[in-house]
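Trainee: Fold the stuff below for me.
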Amino acid sequence: QVQLVESGGGLVQAGESLRLSCAASGRTFTYYGWFRQAPGKERDFVAYIRWNGDNTYYADSVKGRFTISRDNAKNTMYLQMNSLKPEDTAVYYCAARSGITPRVASWEYDYWGQGTQVTVSS
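Mentor: Just a heads-up that it's a prediction; the model follows:
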């Protein structure tokens with residue numbers, strides 16, 4: 001049974017940092033991604049990483065501020081978020097994709113976590 005469990009969300013002030021974790025169980029996937037969804041908006045791509053960490057890609061809105069990484073020994077993915085802005089406020093979801101090619105569309109991912117709230121105050 002596949003499970004993805006996010007943690008690490010919270011309330012921070014603008015300019016501060018947070019690190020999200022996504023613990024996976026059940027199997028290893030080819031690609032893992034982070035998405036976010038603000039109230040009343042669609043779920044947007046944030047970043048993806050290949051299972052061995054050799055391929056990463058970021059949305060322009062977070063490039064240079066966020067870093068995606070994986071610890072294969074723990075089967076856990078991370079999202080280090082620095083210089084947070086109020087517009088980063090959203091529920092953050094981790095996702096896993098079985099396909100061998102990287103994708104940024106949410107419908108290309110097969111499994112999802114329950115989400116963790118990130119709120120950045122100004």
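Trainee: rest of the way, CA atoms for contacts and neighbours
Mentor: Noted.
Trainee: tell me which element the residue nearest in space to the middle of the chain falls in.
Mentor: In the chain, the residue lying closest to the centroid (C-alpha atoms, centre = their mean) is Trp34, at 2.3 Å. With elements taken from DSSP states H and E, the one containing Trp34 is strand 31-37.
Trainee: what mean pLDDT would you report for that strand?
Mentor: For strand 31-37, mean pLDDT rounds to 98.
Trainee: How many residues are close by Trp107?
Mentor: The tally of other residues near Trp107 (other C-alpha atoms under 10 Å) stands at 9.
Trainee: Looks to me like it is in a strand.
Mentor: No: the secondary structure assignment for Trp107 gives helix rather than a strand, going by DSSP: H, G, I helix; E, B strand; the rest coil.
Trainee: For Thr76, see how far away Arg103 is.
Mentor: Taking C-alpha to C-alpha, to the nearest Å as the criterion, Arg103 is separated from Thr76 by 19 Å.
Trainee: do the same with Tyr58
Mentor: When C-alpha to C-alpha is applied, the distance between Tyr58 and Thr76 equals 18 Å.
Trainee: ranges for the strands of this protein?
Mentor: Using DSSP state E, the strands of the chain run over 3-7, 10-13, 18-25, 31-37, 43-50, 56-58, 66-71, 76-81, 90-97, 111-112, 116-121.
Trainee: Give me the angle between the third one and strand 31-37.
Mentor: With axes from the mean of the first three to the mean of the last three C-alpha atoms, to 10 degrees as the basis, strand 18-25 and strand 31-37 are set at 130 degrees to each other.
Trainee: List the buried residues in strand 18-25.
Mentor: Of the residues in strand 18-25, those scored as buried under the neighbour-count criterion (16 or more other C-alpha atoms under 10 Å) are Leu18, Arg19, Leu20, Ser21, Cys22, Ala23, Ala24.
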